[in-house]
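Engineer: Quick check, what structure comes out for this input:
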Amino acid sequence: MNEFLPVSIVTPAYNAADTIAETIESVLAQTMPQWELIVVDDGSTDETAVIVADFATRDPRIRLLCQKNQGACVARNAGLEIVQHEWVMFLDADDLLLPQHLQRITAVALSDSSLDAVHSGWARLTPDGKV
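Structural biologist: Numbers count the residues shown, from 1 in each chain. Purely as a prediction, here's the structure:
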């Protein structure tokens, strides 16, 4: 695919130090490079913000927004306030994307200009990585 549709990814995170790095790594592994990741730290008391800030210093597509704890919905809305792209997806702090996820969903969006939303399937993984 030669044409890409930029996507803003909003990730609410609360005490997600155990999972956020792997989530960010899955975004960094995307085959489509036109994305931004906004992680909204919702008042975490662990190292979540430190981990995200480290990634943000290494990749300008990653941004950290810190707020007091108000819940995931408020965090998502705070992220929506600062997105730079028309297409937005939400990704929880303990979720992972397959490497071609953004490329595939944007291909669908580009194939039909009447679409306002695109949804994809998901699979639940056990702690040992089994589907």
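Engineer: Show the contacting residues for the residue lying farthest from the centre of the chain.
Structural biologist: Distance from the C-alpha centroid of the chain, by CA atoms, centre = their mean, peaks at residue 114 (24.3 Å). If you count contacts by CB atoms under 8 Å, 6 or more residues apart in numbering, residue 114 has none. All C-beta atoms are positioned from the backbone trio N, CA, C, and that covers glycine.
Engineer: gap between it and residue 103?
Structural biologist: 21 Å (CB to CB, to the nearest Å).
Engineer: Where do the helices of the protein begin and end?
Structural biologist: Taking DSSP state H, the helices of the chain run over residues 20-28, 48-58, 72-80, 101-111.
Engineer: Can I get the first one in CSV? Just the C-alpha atoms.
Structural biologist: C-alpha atoms of helix 20-28 as CSV (Å, rounded to 0.1, in the frame of the first residue of the first chain):
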residue,chain,number,x,y,z
ILE,A,20,2.6,-0.1,29.0
ALA,A,21,6.1,-0.8,27.5
GLU,A,22,4.9,-3.8,25.6
THR,A,23,1.8,-1.8,24.4
ILE,A,24,4.0,1.0,23.1
GLU,A,25,6.4,-1.5,21.5
SER,A,26,3.5,-3.0,19.6
VAL,A,27,2.7,0.5,18.2
LEU,A,28,6.3,1.1,17.3
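Engineer: going forward, begin numbering at 16 instead of 1
Structural biologist: Shifting the count to begin at 16 puts that one at helix 35-43.
Engineer: Do me a favour and average the pLDDT over that helix.
Structural biologist: Helix 35-43 carries an average pLDDT of 99.
Engineer: can you list contacts of it?
Structural biologist: Under CB under 8 Å, 6+ apart, the answer for helix 35-43 is 24, 26, 28, 31, 50, 52, 54, 63, 66-67, 70, 74, 77, 106-114.
Engineer: change it to 7 Å
Structural biologist: Applying CB atoms under 7 Å, 6 or more residues apart in numbering, the contact partners of helix 35-43 are 24, 26, 28, 50, 52, 63, 66-67, 70, 74, 77, 106, 108-112.
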